[in-house]
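Asks: Dropping the sequence and predicted coords here.
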Amino acid sequence: MDATDTSADPQRPSDHVDGSGPEAAAGGSGDAGVNQPKLGPLGYLRFFWRQLTSMRTALFLLMLLALAAIPGSLVPQRTADPNGVVQYKSDHPQLFPVLDKLQVFDTYTSVWFSAIYLLLFVSLIGCIVPRTKHHWQALRTRPPKTPVRLSRLAGYRSVAVDGVGVTPEHAVTRAMAILKRSGYRVERFGDSVSAERGYLRETGNLVFHAALVGVLLAVGVGGGFGYTGQRLLVEGQTFSNVLGSYDSFNPGRWFRQTDLQGYNFTLDKFVTKYEERNLDALGQALDYSATVTTQQKGGAKKTSRLGVNDPVSVGGTNVYLLGNGYAMDVTVRDGDGNVAFKDTVPFLPEDANYTSTGVIKVPDSKPDQLGMVGFFYPTASKLSTGAYASAYPDDQNPLLTLQVYTGDLGLNDGVPQSVYTLDTSGLQQIAGRQSTTASVELKPGQTKTLPDGAGSITFDGVKRYVSLDVHHDPSQLWVGGFAVLSVLGLLTSLFVPRRRVWVKVVERRAGDGVEPGFDLEYAGLARGEDPNLERAVADIAQRHTSDLGVRMPQ
């Protein structure tokens, strides 16, 4: 035969063409006469939409979002650590402009991170909506009809029922009752029962993806109502939760000043525990601990512990410990003997032993303004070169050295200045390396007279300070709830099997040595991998036959 008789094979389409067809005889490949239609603009839009809303794309975007979040943990972020960004710029002057251009210091609000975020959001929505509709229709659809040949399916077994007074009607009725008690949706088709279960698997899958959308919404919308702020607090100082008390403040898009709940936060004591036994790690910090007192408006005072990764919750905010250092308690008198400056000045640590630098500015001094660049050594040790260094991070031998300048500090020029730097251009150094007078050296409790009748300075003592991050995020509970929901949905989708089971009564015709009666047939079909399917079918068969009083074959 030159051609295949397709009418003899009902499984083969009438327009099927294979190698024995006339197209092949003409030298074609079988597809020579087929012209693919052009998609057109609308067709391409549908194609890209289907690609975007596929589960594969959603998983890829989820992984890409996790990778895109990595830079936010490697470099300081402006919203969380603005001082760290300034320090990074000072430490990496060549790399900083490149990273800043790429918005790495604003990772979570950058264009590229937002694009991935929005694409993932659209992809999940486009994936969930049609699947939810299809799942709802499936829940309302009757179980499928019983196949003609159950012997082709998994877990098939046949049990003969002879002479036990059981009718086919009773067998089918009891099978329906047993399957219903096992959690199956049941439908009767003549002398057979069709049952299926496991729709909770797809429900869990949809709940998982819907919870991911909930997390994205909670983070995106909730972040607009939140805020973060930073404050440096010295021992004994009190911070009030008002806008003017923050050193830096980053509000959300929809933040209002009335969202700040009134409370006070006092740093009572800060203690650092250092390694003292292991000489190889001598001086390494083991633990940071701060004792704080909080008081909400109209409430009682409460003493709490503030530690690393152990924030204090007060007034709808979480207060985190970011850093710490030493602050100098100094008093400066001018040339007339009047107190021109009395305050506690924080110094920034420069190394692991807390060698720290800071600036003291005295604009009210007479006859000239005073500016001092200071170096603090918690445990001062003099080197062979004559310079000082700190040998240990704790303040066991504290020493403060100052280089003193006089002149116009430029504080009245209207240009903001950092409290940690001093512009010495235009100033005259009266004590330090570039003058005839050595730097001023002070221990706690000492007073030294400044050169040229500029006055005197007293080192009153050393205090510890902490750098705090105040974080208010109204979406935390929502994010936590959706996260728990996503885990529950994922577990449900992984461990709930989707299967179908059939119980069928097949009557035997008497005659030719065949005894009258009927056979009970059992079989199942899994949607996906289900290693327990055969065991489940066997269990149903065992329970059904026991209920009928029929003996199972060995």
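Replies: It's in.

Asks: Is residue 452 in contact with residue 430, as I believe?
Replies: Yes - counting by Cβ atoms under 8 Å, residue 452 touches residue 430, with 5.2 Å between them. Backbone N, C-alpha and C define where each C-beta goes, glycine included.

Asks: Name the residue in the two with the higher neighbour count.
Replies: residue 430 (22 against 15; other Cβ atoms under 10 Å).

Asks: so the more buried one is in which element?
Replies: strand 428-431 (DSSP states H and E).

Asks: That strand: partners in the sheet, and parallel or antiparallel?
Replies: When pairing is defined by DSSP bridges, strand 428-431 lines up against strand 399-406 (antiparallel).

Asks: what does the strand it pairs with rub up against?
Replies: 328, 360, 368-377, 380, 388, 422, 424, 427-433, 439-443, 450-452, 454, 457, 459 (Cβ atoms under 8 Å, 6 or more residues apart in numbering).

Asks: repeat that for 7 Å
Replies: 328, 368-377, 380, 388, 424, 427-432, 439-443, 450, 454, 459 (Cβ atoms under 7 Å, 6 or more residues apart in numbering).

Asks: And for residue 267, nearest residue in space, chain neighbours not counted?
Replies: Leaving aside its chain neighbours, residue 267 sits nearest to residue 233 (4.7 Å; criterion: Cβ to Cβ, 6 or more residues apart in numbering).

Asks: Need the phi and psi values for that neighbour.
Replies: Backbone torsions of residue 233, given as degrees, to the nearest 10, read phi -130, psi 130.

Asks: Tell me who's in contact with it.
Replies: Applying Cβ under 7 Å, 6+ apart, the residues near residue 233 are 239, 267, 465-466, 468.

Asks: mind running it again at 8 Å?
Replies: Going by Cβ under 8 Å, 6+ apart, the list of residues near residue 233 reads 239, 265, 267, 465-466, 468.

Asks: Same question for stretch 492-503: list its buried residues.
Replies: Of the residues in stretch 492-503, 492-493, 496-503 count as buried by neighbour count, 16 or more other Cβ atoms under 10 Å.

Asks: so which of the contacts of residue 233 comes closest to residue 257?
Replies: Nearest to residue 257 among the contacts of residue 233: residue 239, at 16.7 Å, using Cβ to Cβ.

Asks: Hmm, residue 263 and that closest one touching each other?
Replies: No - shown here, residue 239 and residue 263 do not form a contact pair, counting by Cβ under 8 Å, at 9.2 Å.

Asks: Please say which of the two ends up with more neighbours.
Replies: Neighbour totals were compared for residue 239 and residue 263, and residue 239 leads with 22 against 19 (other Cβ under 10 Å).

Asks: is it true that that one lies in a strand?
Replies: Yes - counting by DSSP: H, G, I helix; E, B strand; the rest coil, residue 239 is located in a strand.

Asks: Now it. Nearest residue, chain neighbours left out?
Replies: Closest residue in space to residue 239, ignoring its immediate chain neighbours: residue 265 at 4.5 Å, by Cβ to Cβ, 6+ apart.

Asks: in its sheet, what does the host helix or strand of the one you found sit against?
Replies: Secondary structure from DSSP H and E places residue 265 in strand 263-274. With DSSP bridges as the test, strand 263-274 is paired with strand 238-240 (antiparallel), strand 285-296 (antiparallel).

Asks: which other residues reach stretch 209-222?
Replies: 58, 62, 117, 120-121, 124-125, 127-128, 473-476, 478-479, 481-483, 485-486, 489.

Asks: Repeat the analysis, applying 6 Å as the threshold.
Replies: Contact with stretch 209-222 is made by 121, 124, 128, 474-475, 478-479, 482, 485-486, 489, as judged by Cβ atoms under 6 Å, 6 or more residues apart in numbering.

Asks: could you measure residue 220 against residue 113, distance?
Replies: Counting by Cβ to Cβ, to the nearest Å, the gap from residue 220 to residue 113 is 12 Å.

Asks: higher neighbour count, these two?
Replies: Neighbours were counted for residue 220 and for residue 113 using other Cβ under 10 Å; residue 113 has more, 19 against 14.

Asks: That one is in what secondary structure piece?
Replies: Going by DSSP H and E, residue 113 is in helix 111-140.

Asks: After that helix, which helix or strand is next?
Replies: strand 154-161.

Asks: Report all helices and strands that whichever helix or strand comes after that following strand contacts.
Replies: Later in the chain than strand 154-161, the nearest helix or strand by DSSP H and E is helix 168-181. Applying 3 or more Cβ pairs under 6 Å, 6 or more residues apart in numbering; DSSP states H and E, we find helix 168-181 packed against strand 185-189, strand 192-197, strand 499-508, helix 533-548.

Asks: rerun that using 10 Å as the cut-off
Replies: strand 154-161, strand 185-189, strand 192-197, strand 499-508, strand 517-526, helix 533-548 (3 or more Cβ pairs under 10 Å, 6 or more residues apart in numbering; DSSP states H and E).

Asks: Out of the ones you listed, which is the most enclosed?
Replies: Highest mean neighbour count of these: strand 192-197, a mean of 23 (counted as mean count of other Cβ atoms under 10 Å).

Asks: Can I get that one as CSV, trimmed to CA atoms?
Replies: Output of strand 192-197 as CSV, limited to C-alpha atoms (Å, rounded to 0.1, in the frame of the first residue of the first chain):
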residue,chain,number,x,y,z
SER,A,192,-19.7,1.8,39.8
VAL,A,193,-18.4,4.6,42.0
SER,A,194,-16.0,7.3,40.9
ALA,A,195,-14.1,9.2,43.6
GLU,A,196,-11.4,11.7,43.7
ARG,A,197,-9.6,13.7,46.3
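
Asks: Compute the inter-axis angle for that strand and strand 517-526.
Replies: Following axes from the mean of the first three to the mean of the last three Cα atoms, to 10 degrees, one obtains 20 degrees for the angle between strand 192-197 and strand 517-526.

Asks: for strand 192-197, packing partners?
Replies: The helices and strands touching strand 192-197, judged by 3+ Cβ pairs under 10 Å, 6+ apart, are helix 168-181, strand 185-189, strand 499-508, strand 517-526, helix 533-548.
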